[in-house]
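>>> Pasted the sequence and its predicted model underneath.
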Amino acid sequence: FLFFISSCGNYSFKGSLPDGIDSISIYPIVNNTSEYTLTNLLNDNLNKELTNQNILDIVDVYSSDTSFEMIIESVQDNSNIYIANENLYETVQQWKLVVRVKINWYNINSNSVIIDKNIEEWALYDNSGIDVSADGIDNDSDGLIDSNDSDEYGSAREAALRITSQKIINRIINELISNW
C-alpha cells in the first residue's frame, strides 16, 4: 500500500543539517564597490530567506555554530545589444548588470571552511527610461515578461540590482542546503 501524508506547516531543512550545526552568524557584508544599495538588498534578502526557509537560527557570533561572510567584489554594467541610429552611430540599447560576490561559510565548532566560493549573477535592462514592467525584456531570464513577472517593476537599473540580488541569494541558499 502507498501511504501519503500532506501537511500545511512550514517545511524546514533543519532536520538535514550535519550534527552540531544549528545556527549561523552573519557578518556585515563587505562592499568593495560604490553600489551601496546592493548591500542592503543582499542583507535584507539573505536574512528574509534564511528565516522564511527555517534553515538555521540566526544568532550572534558568540552563540553560533557557523559564521557567514559575503564580499561584494564587483558590479559591472556591460553593453549587451547595440543599435545603429539615423546618423549610423551605434548606441547601447540593452545593458547586462553583472554582480560578483565571494561567500565564505565557516564551521566554528570544527574550525573548518564549509563553503568558499565566488558567485556571479546578472539581469538585463534597457536605456529607454521606462518602467521594467513595460520594457518587453525578460529581465531575469525566468521566461516571464513584464506584467506577467512579479519581480519586474520599477526603474530599469534599480530593478536589475533587485533581481540580481535575489538571484544571488537564491544561489547562496542553494549552496547552504546542498552542502549537507
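Noted; the coordinates are in hand. Residues are numbered from 1 along each chain as shown.

>>> doesn't D126 make contact with A156?
Yes - with contact defined as Cβ atoms under 8 Å, A156 reaches D126; the gap is 6.1 Å. Heads up, the C-betas are built off the backbone N, CA and C, glycines and all.

>>> and those two? which has more neighbours close in?
A156 (23 against 20; other Cβ atoms under 10 Å).

>>> all helices of this structure, in order?
For the chain, the helices defined by DSSP state H cover 36-52, 156-178.

>>> among these, which is the most enclosed?
Scoring those by mean neighbour count under mean count of other Cβ atoms under 10 Å gives helix 156-178 as the most buried, with a mean of 20.

>>> what packs against it?
Judged by 3 or more Cβ pairs under 8 Å, 6 or more residues apart in numbering; DSSP states H and E, the packing partners of helix 156-178 are helix 36-52, strand 90-107, strand 112-126.

>>> quick one: it to strand 90-107, angle?
30 degrees (axes from the mean of the first three to the mean of the last three Cα atoms, to 10 degrees).

>>> export helix 156-178 as CSV, just CAs?
The C-alpha atoms that make up helix 156-178 are tabulated as CSV, following Å, rounded to 0.1, in the frame of the first residue of the first chain:
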residue,chain,number,x,y,z
ALA,A,156,15.5,49.8,-15.1
ARG,A,157,18.8,49.8,-13.2
GLU,A,158,17.2,49.6,-9.8
ALA,A,159,15.1,46.6,-10.9
ALA,A,160,18.3,45.0,-12.3
LEU,A,161,20.0,45.4,-8.9
ARG,A,162,17.0,44.0,-7.1
ILE,A,163,16.7,41.0,-9.5
THR,A,164,20.4,40.3,-9.4
SER,A,165,20.5,40.4,-5.6
GLN,A,166,17.6,37.9,-5.3
LYS,A,167,19.3,35.6,-7.8
ILE,A,168,22.5,35.7,-5.7
ILE,A,169,20.5,35.0,-2.5
ASN,A,170,18.8,32.0,-4.2
ARG,A,171,22.2,30.7,-5.2
ILE,A,172,23.5,31.1,-1.6
ILE,A,173,20.6,29.4,-0.1
ASN,A,174,21.0,26.5,-2.6
GLU,A,175,24.7,26.3,-1.6
LEU,A,176,23.9,26.2,2.1
ILE,A,177,21.4,23.4,1.8
SER,A,178,23.3,21.4,-0.9
